[in-house]
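**Q** can you look at this prediction? I've put the sequence above it.
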Amino acid sequence: MHSIGFQIEIILNTAWHVGTGLSRGLVDRTTQRNGQGDVHIPASTVKGRLRNACEHVARLYGKEGNRLLPCQPPRPDKMCRGSNACIVCSVFGSAYLGDRLYFEDAILNSESRKVYGPGIQSQPRTRVKLDRRLGTAERGHLFTSEYAERSLVFSAEVSGRVDLTSIDGETSHAYELVLLAAGVGLVKELGGDKSSGFGACDVSFVGGIRLEDNYIAPDVLIGMVDELEYYKVA
Ligand SMILES: [Zn+2]
C-alpha cells in the first residue's frame, strides 16, 4: 500500500442544483451549505462522479485477457469480492475492501468566496410541480429549487492508501494512478437535473499527484493511458 493524495478544482459551467424547498421560503436543511453558510459539494458527490469517470476509462480499455473491466456497483452481487478486485475497487474501495481513497467536501476557493458572499452564491428558481400521471400542474405545489451560480470554483482534497501496480518498474508509473489521472479530466457533470442542462463542470488537478513524499505531474500519467490495456494480463 502506498500513501497518495491530490487536490482537484471543480469549475461550474452551468448552475448546479444544491437543494429544494417549499414554495414559501427555502428549507435550509435541504441545501448544501457548510458552517460558514457557503455552498459546497458533498464529498460523496465528488467521489461518486470521479468513480463513474474512472469506470468509464476502465471500460474503454477493458478487453478479454486483461483485468480492467470494472464491476457494477451498487448491485452487491455484481461487485468485486475478496482480494481479486477490479482496478476501480482497488482504487476507490468497496464494501469488501473498505475505503481506499478519502474525499473531503469540495469547498469554495478563496477567490470565489471573495467575489460571492453566501447570499449570492445561489439563486432560487420557482417551478410548478407536475402531476406525472395527468401531466398537469398540481394545485398548491409550487416548489423552489436553489441553484449554485455558474462560474463558482470549488476545490477538494483527496487522500488515501492504495495498492499500486507498476507499468514499467517505476512505482510512480502505476496503472492505478494513470486511471485516476485520466478519470479526473472526464468528470463533466455533477448529476442532479442534468436533463435540464444543470450541473455541467470541468475538473482538473491543482498541482501534482503526491505519492509518499514525491509529486507526479498528471500529464505524465495521462500520456501513459494507452498502457492501461496491459493491466495484469496473465
Ligand atoms: Zn470492482
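**A** Now that the structure is in, tell me what you want to look at.
**Q** what about this protein, any weak spots by pLDDT?
**A** 20-31, 127, 129-132, 136-141, 192-197, 233-234 (pLDDT under 70).
**Q** if we use 90, what do you get?
**A** Low-confidence segments of the chain, defined by pLDDT under 90: 16-37, 63-86, 94-99, 118-119, 122-147, 190-199, 232-234.
**Q** alongside the ion, which residues does it contribute?
**A** Counting by CB under 5 Å from the ion, the residues of the chain close to the ion are Cys71, Cys80, Cys86, Cys89. (Each C-beta comes from the backbone N, C-alpha and C, glycine too.)
**Q** what residues does Leu69 make contact with?
**A** By CB atoms under 8 Å, 6 or more residues apart in numbering, Leu69 lies in contact with Ala58, Arg59, Gly62, Lys63, Cys86.
**Q** repeat that for Gly93.
**A** So Gly93 contacts Asp99, Arg100, Leu101 (CB under 8 Å, 6+ apart).
**Q** if we only consider these, which is nearest to the ion?
**A** The ion has its nearest neighbour among those in Arg100, at 11.3 Å by CB to the ion.
**Q** ignoring the adjacent residues along the chain, who's closest to the closest one?
**A** The shortest distance from Arg100 to any non-neighbouring residue, by CB to CB, 6 or more residues apart in numbering, is to Gly93 (4.0 Å).
**Q** rewinding a little: if any of the contacts of Leu69 are buried, put those into a PyMOL selection.
**A** Of those, the buried ones can be selected in PyMOL as follows, counting by 16 or more other CB atoms under 10 Å:
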select buried, resi 58+62+86
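**Q** the contacts of Leu69: which two are farthest apart?
**A** Lys63 and Cys86 (13.6 Å; CB to CB).
**Q** take the contacts of Gly93 and write them to TSV, including secondary structure and neighbour count.
**A** Formatted as TSV, the contacts of Gly93 follow (DSSP: H, G, I helix; E, B strand; the rest coil; neighbours: other CB atoms under 10 Å):
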residue	secondary structure	neighbour count
Asp99	strand	12
Arg100	coil	19
Leu101	strand	19
